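Enquirer: Make a model of this:
(one chain, ligands or ions: 1)
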Amino acid sequence: MLQQTQVKTVIPYFRKFIKQYKSLESLSKVSESQILKLWEGLGYYSRARNLLATTRLLVKKYDSKLPNNLQEIKKLPGVGNYTANALLGFIYNKPTLAIDGNVKRVFARYLNKLESKINFEKLISLNKKNLFATNRNSDLIEALMEFGALICKPKDPKCSQCCLNKSCRYLKSPKKINTEKRKKVKIMDFNIFCYLNKRKQIALTKKNEISFLKNFNLPLIKKVNNNSVSKDWRFLKNYKNSISNLNLNINLYYKFSNKIPKSYNWYSLNSNKELIPSFTKKIFSQVSTLF
Ligand code: SF4
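Expert: I've put the predicted structure just below:
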């Protein structure tokens, strides 16, 4: 849940989730739509699908236990290098490091080097040989993350309170490296076409080509190209919608029709029951103004 998402956003979802699913076995039995329903609004839905696939695999193949070596753990759906190292450290107290953005910044500042000039893989392998001279590997991993988040912060590091300030090269150097990175914001233009009927319904389909909204109920979405929009469609409004580092510039069109393409189904604009992503709910509120 925490991938690409802030802790404060995740907390209510996490609480609800662990209240409902108390064991790997119970989680492995739910359907994809049940887990997606709980995830609704959190975004990045592939995480929920991967979690479910991993859970089923653990129950079936690994006797409901997480493997305790890097190679096996990385075979699980959605588990990359970072997550694998974090799990091995947190759960099995293995001498590894989970290198996230905060941890990278701490090392880059301490050494006063660009992150790209630091060999983090080497650092992990040195730690296997006890670079940090501790048996508390789980605590070390968490401490490094928290240190980056609370002391060696992206802006205004708290150097006067820092336990490393006597040896930190960043603090001593007159030529301080710049560790602040800004996410590149992508702007994308879309036309969204909504079939509506007089019963206050909208036609949605799961067949869409937008990868970050795959398999969800959406109206027809097309990337803006040079072709003009057919006269059947009436323009409703232009609005912006941000998803992570994407800024979507949306032109919303509609038409009233009782005929819809095969892969579409009607949904009530007042419905809260179906699994509708928040992206689509925003479209609901825009077209509801027509009724
Ligand atoms: S002294 Fe400042 S820059 Fe150096 S590690 Fe500590 S907080 Fe970061």
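Enquirer: For the rest of this, base every contact and every neighbour count on C-alpha atoms.
Expert: Noted.
Enquirer: which residues of the stretch 151-291 of the chain score low on pLDDT?
Expert: 180-183, 211-212, 214, 226, 244, 272-275 (pLDDT under 70).
Enquirer: which stretches of it form helices?
Expert: 169-172, 278-288 (DSSP state H, counting those that start in this stretch).
Enquirer: deepest of these, which one?
Expert: Burial of the helices of the stretch 151-291 of the chain is given as mean neighbour count (mean count of other Cα atoms under 10 Å); helix 169-172 ranks first at a mean of 18.
Enquirer: That helix: how far from the chain's middle?
Expert: On the basis of Cα atoms, centre = their mean, to the nearest Å, helix 169-172 sits 34 Å off its chain's mean C-alpha point.
Enquirer: please renumber so the chain begins at 23
Expert: With 23 as the first residue, the last one maps to helix 191-194.
Enquirer: Quick one: residues in contact with stretch 213-221.
Expert: The contact list for stretch 213-221 (Cα atoms under 8 Å, 6 or more residues apart in numbering) reads 224-225, 241-246, 255, 272-280, 282, 290.
Enquirer: ok, now with 7 Å
Expert: Applying Cα atoms under 7 Å, 6 or more residues apart in numbering, the contact partners of stretch 213-221 are 224-225, 241-246, 272-280.
Enquirer: Check which residues of that stretch are buried.
Expert: 213-219 (16 or more other Cα atoms under 10 Å).
Enquirer: about what we covered before: for the helices of the stretch 173-313 of the chain, which one sits closest to the ligand?
Expert: Across the helices of the stretch 173-313 of the chain, the ligand has its closest neighbour in helix 191-194 (5.4 Å, Cα to the nearest ligand atom).
Enquirer: helices or strands next to the closest one in the packing?
Expert: Contacting helix 191-194 under the criterion 3 or more Cα pairs under 7 Å, 6 or more residues apart in numbering; DSSP states H and E are the following elements: helix 123-133.
Enquirer: Could you confirm whether any residue of the helix it packs on contacts the ligand?
Expert: Yes: against the ligand, helix 123-133 shows contacts by Cα under 6 Å from any ligand atom at 128, 131-132.
Enquirer: Tell me where the stretch 173-313 of the chain has strands.
Expert: Taking DSSP state E, counting those that start in this stretch to define them, one finds strands in the stretch 173-313 of the chain at 208-219, 223-227, 242-245, 256-265, 268-278, 286-290.
Enquirer: Take those and write them to CSV, including distance to the ligand.
Expert: Shown next, in CSV, are the strands of the stretch 173-313 of the chain (distance: least, Cα to the nearest ligand atom, whole Å):
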stretch, distance to the ligand
strand 208-219, 31
strand 223-227, 50
strand 242-245, 44
strand 256-265, 31
strand 268-278, 31
strand 286-290, 53
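Enquirer: right, so these: which one is the most enclosed?
Expert: strand 223-227 (a mean of 22).
Enquirer: CA atoms only: put that one into CSV for me.
Expert: What follows is strand 223-227, C-alpha atoms only, in CSV (Å, rounded to 0.1, in the frame of the first residue of the first chain):
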residue,chain,number,x,y,z
GLN,A,223,-27.3,6.0,-16.4
ILE,A,224,-23.9,6.0,-18.0
ALA,A,225,-22.3,3.3,-20.1
LEU,A,226,-18.9,1.9,-18.9
THR,A,227,-16.5,-0.6,-20.2
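Enquirer: got the angle for that strand vs strand 268-278?
Expert: For strand 223-227 against strand 268-278, the angle by axes from the mean of the first three to the mean of the last three Cα atoms, to 10 degrees is 130 degrees.
Enquirer: Touching strand 223-227 from outside, list them.
Expert: 216-218, 239-241, 285-291.
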